[in-house]
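Trainee: How does the following fold in three dimensions:
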Amino acid sequence: MKKGTKGKIMNDISAWLAGGGIVMLLVTYAVIELVEKIPVINPKWLPALSVVVGLLIGFLFGMTTGTPVWTDVALGGFAGANSTWLDQIVKQFMKGGNNG
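Mentor: Sure, this is the predicted structure:
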């Protein structure tokens, strides 16, 4: 690792957390948990749906803050993708499930 890289990474993570990235992740996760209960929705589409929900939440977040909208839309997309990961972590470690 280059000298000073660790500090830059920590600053980037801190900026992401302060910028609402964690909020977008948790809101996207909560929405997908609610959508998952709808019997008509095929579970194989939930990862793609979580990205779309993340993009929408990012757009709404960008419209209500002073940050550039496209930056928040991109962060929302990443939050949606990461909410799939978070869902699997919760299922594996908290609920004891084996959902692959």
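Trainee: Can you name the element that comes right after the one helix or strand in the chain whose mean pLDDT sits lowest?
Mentor: Least confident element among the helices and strands of the chain, by mean pLDDT, DSSP states H and E: helix 5-18 (a mean of 57). Along the chain past helix 5-18, the next helix or strand (assigned with DSSP states H and E) turns out to be helix 21-36.
Trainee: which residues touch that next one?
Mentor: Outside helix 21-36, the residues within contact range by Cβ atoms under 8 Å, 6 or more residues apart in numbering are 16, 41, 43, 46, 49-50, 53-54, 57-58, 61, 72, 75-76, 78-80, 82-84, 86-87. For the C-beta atoms, the positions are set from N, CA and C on the backbone; glycine is no exception.
Trainee: Please name the residues that touch the residue nearest the centre of the chain.
Mentor: In the chain, the residue lying closest to the centroid (Cα atoms, centre = their mean) is Ala79, at 2.0 Å. Neighbour list for Ala79: Gly21, Met24, Leu25, Thr28, Gly54, Ile57, Gly58 [criterion: Cβ under 8 Å, 6+ apart].
Trainee: Kindly recompute the last result at 6 Å.
Mentor: Met24, Leu25, Thr28, Gly54 (Cβ atoms under 6 Å, 6 or more residues apart in numbering).
Trainee: Select only the buried ones of these in PyMOL?
Mentor: A single PyMOL command selects the buried members of these (16 or more other Cβ atoms under 10 Å):
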select buried, resi 24+25+28+54
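Trainee: Let me have the contacts of Ala79 in CSV, adding distance to Gln92 and pLDDT as columns.
Mentor: Formatted as CSV, those follow (distance: Cβ to Cβ, whole Å; pLDDT from 0 to 100):
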residue, distance to Gln92, pLDDT
Met24, 23, 86
Leu25, 17, 87
Thr28, 19, 90
Gly54, 21, 91
